[in-house]
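Sequence isn't available, so here's the structure alone:
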């Protein structure tokens, strides 16, 4: 964990690599689903385009969640568990408790549903660019919330923040631009802008809910930024 914090400026590069794996998985699933549906259509003439899109979106999103061990997803659940509680101590305790409240489940499912919708409307010929860019943006959102935020002064998140706050993290923004602009053209600037704004918003949420940035908030920022980026880019490439 200490090593990853010290090299946080490389997070967007790692995001690009994760996105590359996810995009490859998307196309593998596309090949499998297309052949399965072609086999079914050899017996029954059915319109299964919606089913194909649904399967691709679910499989790709599941791959991304499992690849990170559901740790970032857990951050969304913990944030949802804490929202609405009156005392700061109660909110922090709720975030560390091994429970899932209806608020935690609702927030996590809502954010991932946005990511699902983005993947559902994604065109296969733009999948490589969009999925890679979304993961780069997700990691840049994490860099942003760490750069702006103060730790909650306890837990793994605090130790991570202590090691991660370095001036060279500004390189993360340059790395992100060098990846997304060749992929998306000038739309890449909008992607970086959205990721930064999401990081800023999540830092304010972190202060309001937990009194600072925790590991849960860093993970929740990853999931939220990815979902918003997928929604944005699926709309752009759908036009």
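Cool, the structure landed. The shown structure was predicted, so the numbers you read here are calculated from the model rather than taken from an experiment.

Helices of this protein, residue ranges please.
For the chain, the helices defined by DSSP state H occupy 2-6, 11-41, 49-67, 71-82, 88-96, 102-120, 127-148, 156-164, 171-184, 187-210, 215-238.

most neighbours per residue, which of those helices?
helix 127-148 (a mean of 27; mean count of other CB atoms under 10 Å). In this view, the C-beta of every residue, glycine as well, is placed from N, C-alpha and C.

for that one, the distance to its chain's centre please.
Offset of helix 127-148 from its chain centre (CA atoms, centre = their mean, to the nearest Å): 7 Å.

same thing with stretch 21-28?
On the basis of CA atoms, centre = their mean, stretch 21-28 sits 16 Å off its chain's mean C-alpha point.

one step back: just put the helices of the chain in TSV and tack on mean pLDDT.
Formatted as TSV, the helices of the chain follow (pLDDT from 0 to 100):
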stretch	mean pLDDT
helix 2-6	66
helix 11-41	92
helix 49-67	92
helix 71-82	90
helix 88-96	86
helix 102-120	95
helix 127-148	94
helix 156-164	67
helix 171-184	96
helix 187-210	95
helix 215-238	91
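
is it true that residue 11 touches residue 143?
Yes. Between residue 11 and residue 143 there is a contact under CB atoms under 8 Å: 5.5 Å.

Mind listing the shared neighbours of these two?
residue 172 (CB atoms under 8 Å, 6 or more residues apart in numbering).

How about the contacts made by the closest residue to residue 71 other than its chain neighbours?
Nearest residue to residue 71, sequence neighbours excluded (CB to CB, 6 or more residues apart in numbering): residue 219, at 5.7 Å. Contacts for residue 219 (CB under 8 Å, 6+ apart) come out as 71-76.
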